[in-house]
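> Predicted model and sequence follow; I will ask about them next.
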Amino acid sequence: MAGHRQYILIIISFFMIISCNNLRKSDLGENTQLVKYLNFDMHEVSNTVDTIELLLTIRQLKENTIFEYKSDKRNKIYQVNFINHTGFIIQDNDTVVLHFLDEYKITLCKENDTTTIYKFVSLAPAIDYANYYFITPQLGVILKKSTTWPIFSELSQHYLDGENTFKLLLSLIYNNKDFYSDIPVKKPPPPPR
């Protein structure tokens, strides 16, 4: 009998979790898509992985690209000018400036299909809150990682990216130590002659 009660509690909990999610397919529009991120907290105390589902709207405002992420809890807006390498994030009446660090141009298998990943850093008032952001004009934020802690979020599902280009881009970021690392990797000096 106790096993039967546990089974019923699990089913009730499952339906409560589903009903608490305010993101609905009816919210999707021409410029709005559903994206999922995996949040990794590799700190020795917590060591967790969580999935976050967001609605992403991408639009142009003159030379700025605006990425608006909505969840059932909060909204976050990234406004990036890829030409002038400037940007900022707006969340809960706070504005954080994005500082450009680097860019990585990648030619994909298709001819003349070049994608550029832009690397920005947010310098928050406390060093613990500073993050690196890897952003593409087509997909938005594909990777966000802390500058100090082993915490990062990566794009895990982008419904309009049918070819899963973001997975290839993530792999290329992780394998390019000069681009991914916090401090650029210095090449060793040549051996003495």
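Done, it's in.

> contacts, neighbours, all on C-alpha from now
Noted.

> Which neighbouring elements make contact with the one helix or strand E103 maps to?
Take DSSP states H and E as the rule and E103 turns out to sit in strand 94-107. Judged by 3 or more Cα pairs under 8 Å, 6 or more residues apart in numbering; DSSP states H and E, strand 94-107 is in contact with strand 86-91, strand 114-122, helix 177-180.

> Other residues contacting that strand?
The contact list for strand 94-107 (Cα atoms under 8 Å, 6 or more residues apart in numbering) reads 85-90, 113-124, 179.

> For that strand, list every residue counted as buried.
Neighbour counts over strand 94-107 (16 or more other Cα atoms under 10 Å) mark 96-100, 103 as buried.

> Among these, find the lowest-pLDDT one for me.
Note: of these, the lowest pLDDT belongs to V96, at 88.

> What's the separation between that one and D41?
Going from V96 to D41 by Cα to Cα, to the nearest Å gives 22 Å.

> Bridged to N81, which residues?
Listed by DSSP bridges, the beta-bridge partners for N81 are T86.

> Report the contact partners of D50.
D50 makes contact with 38-40 under the criterion Cα under 8 Å, 6+ apart.

> Which per-residue confidence value corresponds to it?
At D50, the pLDDT value in this model is 80.

> what's across from it in the sheet?
Listed beta-bridge partners, D50: N39 (assigned using DSSP bridges).

> helices and strands of this structure: which one has the lowest mean pLDDT?
The weakest-scoring helix or strand in the chain, judged by mean pLDDT, DSSP states H and E, is helix 2-20 (a mean of 46).
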